[in-house]
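Asker: Below are the sequence and a predicted model for it; my questions follow.
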Amino acid sequence: MIARPCIECGELIATGSRCTACRLPERPRPGRPSRPHAWRKLARKVVRAVGLCERCGTDGTEPNNPLTADHVRPVSLGGPMVPDPSGVRCLCKRCNSAVLAEQRMAAAATDSDPRGEAPNPEGGAHPGGRAGGDYSPEPGDPL
């Protein structure tokens with residue numbers, strides 16, 4: 001191998017662009033929170049032990065629907081990143097996504113408005129009970 005200089009200090013190095021002293025700290029991938037090793041280890045253990053989706057019973061052999069570990073109380077809703085084993089369940093990817101959506105909708109329905117107003121009693125986020133995807137304009141309504 002041909003030695004090359006570090007781009008920061010000029011020290012000769014065998015590989016890479018920076019020497020060990022000048023190497024930048026590793027950053028988590030953008031847009032995705034990093035998961036601690038303890039969570040990944042617990043998740044693998046739960047998936048291996050259970051082997052089936054606890055919601056629909058699939059074995060996770062479909063290529064686009066593998067088994068995943070799921071936080072019973074999601075981190076995004078205040079649950080711990082690494083719960084005790086009773087706080088983890090085995091779900092397929094589809095069920096995991098569906099359960100999280102249900103939990104977020106339930107949390108949104110029980111939370112009050114940031115202005116201090118109670119949630120809409122008709123159930124939708126918009127007046128008249130029209131939620132985002134359920135909206136269909138009435139004749140004469142501007143789009």
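Answerer: That came through fine. Predicted model, so just to flag it, every value in this text is computed and none were measured.

Asker: For Gly87, give me its contacts.
Answerer: For Gly87, the contact set (CB atoms under 8 Å, 6 or more residues apart in numbering) comprises 71-73, 79-80. (Glycine included, C-beta is placed from N, CA and C.)

Asker: which of those residues sit farthest apart?
Answerer: Between any two of the contacts of Gly87, the greatest separation by CB to CB is 10.3 Å, found for Val72 and Pro80.

Asker: Closest to Leu52 out of the contacts of Gly87?
Answerer: Distances from Leu52 to these, taken by CB to CB, are shortest for Val72, at 16.9 Å.

Asker: so the closest one makes contact with Pro83?
Answerer: Yes. The criterion here is CB atoms under 8 Å, and Val72 meets it with Pro83 at 7.1 Å.

Asker: Looking at the lengthiest helix in the chain now, give me its mean pLDDT.
Answerer: Taking DSSP state H as the criterion, the chain has its longest helix at helix 93-110. The average pLDDT within helix 93-110 is 89.

Asker: just checking, what packs against it?
Answerer: If contacts are counted by 3 or more CB pairs under 8 Å, 6 or more residues apart in numbering; DSSP states H and E, helix 93-110 sits against strand 67-71.

Asker: Only the C-alpha atoms, please, for the strand it packs on, written as PDB.
Answerer: Written as PDB, here are the backbone C-alpha positions of strand 67-71 (Å, rounded to 0.1, in the frame of the first residue of the first chain):
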ATOM      1  CA  LEU A  67     -40.600 -10.400  12.400                       C
ATOM      2  CA  THR A  68     -39.600  -7.400  14.500                       C
ATOM      3  CA  ALA A  69     -39.400  -6.600  18.200                       C
ATOM      4  CA  ASP A  70     -42.000  -3.900  19.400                       C
ATOM      5  CA  HIS A  71     -41.900  -1.700  22.400                       C
END
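
Asker: now the angle from that strand to helix 93-110?
Answerer: Here the directions of strand 67-71 and helix 93-110 differ by 20 degrees (axes from the mean of the first three to the mean of the last three CA atoms, to 10 degrees).
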